[in-house]
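Asks: Task: produce atomic coordinates for the following.
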Amino acid sequence: MTPVRDVTVGALVSYLARTLPDHEALVYHHSGQRWTFSELNDDARLIARGLVALGVKPHDRVSVWATNVPEWIILQFALAKIGAILVTVNTALRAHEIEYLLRQSETSTMVTIRGFRNVDYLAELRSIGAIGVDVTSRKERLPHLQRVLFIGEDCPGDLTPYAALRAAAHEVSPEDLDALEVAVGLDDVINIQYTSGTTGFPKGVMLSSRNIVNNGYWLARGLGFTSRDRLCLCVPLFHCFGCVIGVLGAFTHGVCLCAMESFDARRVLETVERERCTALYGVPTMFVAELEDPEFERFDLSTLRTGIMAGALCPETLMRKVIARMHLPEMTIAYGLTETSPGLTQTPRDASIETRTQTVGRVLPEVELRVVDPVSGEDVAPGTNGELWARGYMVMKGYYNMPEQTAAAITPDGWLRSGDQACIGPDGNVRITGRIKDLIIRGGENIAPKEVEDVLRLHPAVLDVSVYGIGSEFFGEEVAAAIRTKPGVATDATELIAFCERTLARFKVPRHVRFVESFPMTASGKIQKFKLRQIHETQPA
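Replies: Next up, the predicted model:
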């Protein structure tokens, strides 16, 4: 197969069904489910016709709140074939977060499962009036939401079962679907992914087929992928890492996906061994968990050769273990952000340990990078720190319904301000040296301090709060909160953490709470978060 790019997401799986019809495309080892590319395309077409029959139209926003179930991937292609926009939803969100997302994206259709880990999705949806209420009541809170589909057994009576899509497909002809598919443009928005910003309100990043298919293509090419490769995909599909670098990147090269519904270190090892996987993706914490599995040594990982580690810099000791003990000599490091679809840089497969642990590699093809003074916008001297700017096909179309934030992120001549501090060495390798934007990145998840601060300020004992990140060997960063309490009102760290757990996704909940009399301030009255971090890391609680 000739690797493919410059095609729409919907056309990609159609192309694979023609060129590699009997080639294994998607495997769920632990449930025994398998699809060839021909079968996957047939399923996507059937579900697409069912969606149209239920009233889904081109450009409608369809939110998918689910783990990496097979239906997620089928929906990714089905929605693309009719020109609807897939809105990816973090599996850890809670009620007020999902309500914001549904309202801000103007979602008309939602697809969900019963829940994941400690979050009951149906209970969360009922609490915000998305289900379990009459149409009038729902429209008061979620005016655009028309229907909620359910993936799984024993569908509740107030939801529509996913199986109804298959049953309704006969109402729409294959020819009608063909007409919809060919009308989808390469630069039409096909995906919205929410990412935290410094305002505390997540922004919906609008991405096109050109953005995400081509970005997946270049990262997969960097891995030397061919149709003989098999990728163990255990990163979440709601992230670009999963649905772009994972699904689309693999499929541009005819790679078989050996997917997992959620991350489990032991199941990763079992899948790699039994499916003879050649590639493995993950954030550093995932590789740590795999290496630390008590039965690690009994698994045969000798078929592995390459993969991508992203989300945080990889410590040298971890990279050496991944290469030697997991048989991944061609492991690469990639860097990017949701706004750039996501990849900007990647280390070569034969890069030195130093390059793979101290840099994020070189710029990808068809991408321009600059390092500029964030105030003046002028280029800094080579090797000097500044803000990393990027330009090219991969820059997002903008933030959904947020023109001011879009204008602040993208210059008139197309440069995307990353908010990351970086320098580019004489060898062309990029080093990320800090962050200009006020974000915490925990295990690859972006966290806006203001969002956590706004929740903590609702607690009756909290007078003021400042949330900041502290270093973590396992997650890269952890969330910490410095609290000033109201006079005479008692509370403790356990109570405040539990208060956050009732409202925030688990990865946003502070792990550390410290009580302070005052905050370190600038002359202009701004809290110096970097000093809070320094105090936290140098002075025991």
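
Asks: Show me where this protein dips below the pLDDT cut-off.
Replies: Residues of the chain meeting the criterion pLDDT under 70: 197-200, 522-526, 541.

Asks: report the longest helix in the chain, please.
Replies: helix 37-54 (DSSP state H).

Asks: what angle do the very next helix or strand once past that helix and helix 37-54 make?
Replies: Downstream of helix 37-54, the next assigned helix or strand under DSSP states H and E is strand 61-65. Counting by axes from the mean of the first three to the mean of the last three C-alpha atoms, to 10 degrees, strand 61-65 lies at 120 degrees to helix 37-54.

Asks: Quick one: list the elements packing against strand 61-65.
Replies: Applying 3 or more C-beta pairs under 8 Å, 6 or more residues apart in numbering; DSSP states H and E, one finds that strand 61-65 makes contact with helix 70-82, strand 85-88, helix 95-105, strand 109-112. In short, each C-beta sits where N, CA and C put it, glycine included.

Asks: gap between S341 and L219?
Replies: Distance, S341 to L219, using C-beta to C-beta, to the nearest Å: 10 Å.

Asks: same thing with N211?
Replies: For N211 relative to L219 (C-beta to C-beta), the value is 13 Å.

Asks: element containing the residue lying closest to V189 once chain neighbours are set aside, please.
Replies: Spatial nearest neighbour of V189, excluding adjacent residues (C-beta to C-beta, 6 or more residues apart in numbering): M206 at 4.5 Å. Using DSSP H and E, the element containing M206 is strand 203-208.

Asks: CA atoms of that strand as CSV?
Replies: Only the C-alpha atoms of strand 203-208 are listed here, as CSV (Å, rounded to 0.1, in the frame of the first residue of the first chain):
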residue,chain,number,x,y,z
LYS,A,203,-11.7,26.2,24.4
GLY,A,204,-13.0,24.0,21.5
VAL,A,205,-10.1,23.6,19.0
MET,A,206,-11.6,23.3,15.5
LEU,A,207,-9.6,20.8,13.3
SER,A,208,-10.0,19.8,9.6
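
Asks: and that strand, what does it pack onto?
Replies: By 3+ C-beta pairs under 8 Å, 6+ apart, strand 203-208 packs against helix 95-105, strand 189-195, strand 398-399.

Asks: Deepest in the core, which of these is it.
Replies: strand 189-195 (a mean of 25; mean count of other C-beta atoms under 10 Å).

Asks: what's that strand in contact with?
Replies: The contact list for strand 189-195 (C-beta atoms under 8 Å, 6 or more residues apart in numbering) reads 8-9, 59, 61, 79-80, 83, 85-90, 101, 105, 184, 202-209, 212, 238-240, 243, 337-339, 397, 400, 446.

Asks: ends of stretch 399-413, how far apart?
Replies: Start-to-end span of stretch 399-413 (C-alpha to C-alpha, to the nearest Å) is 17 Å.

Asks: now do stretch 370-383
Replies: Stretch 370-383 has an end-to-end distance of 11 Å (criterion: C-alpha to C-alpha).

Asks: gap between it and the chain center?
Replies: Relative to its chain's centre, stretch 370-383 lies at 29 Å (C-alpha atoms, centre = their mean, to the nearest Å).

Asks: Other residues contacting that stretch?
Replies: 384-391, 411, 415, 417, 422-426, 436.

Asks: Then stretch 5-16?
Replies: 1, 4, 23, 25, 37, 40-41, 44, 76-77, 80-82, 181, 184-186, 188, 190-191, 209-210, 212-214, 217, 248, 251-252, 254.

Asks: so D229 touches C256, yeah?
Replies: Yes. With contact defined as C-beta atoms under 8 Å, D229 and C256 form a contacting pair (7.4 Å).

Asks: Between those two, which is the more surrounded one?
Replies: Per other C-beta atoms under 10 Å, whichever of D229 and C256 has more neighbours is C256, with 25 against 20.

Asks: Identify the residues contacting that one.
Replies: Contacts of C256 by C-beta under 8 Å, 6+ apart are 23-27, 229-231, 250.

Asks: and if we set it to 10 Å?
Replies: By C-beta atoms under 10 Å, 6 or more residues apart in numbering, C256 lies in contact with 20, 23-27, 34-37, 227-231, 250, 275, 277-278.

Asks: quick one: which of these sit in helices?
Replies: Using DSSP H, those in helices are 37, 250, 275.

Asks: Kindly indicate which of the residues you listed lies nearest S466.
Replies: Nearest to S466 among these, counting by C-beta to C-beta, is A250 at 42.0 Å.
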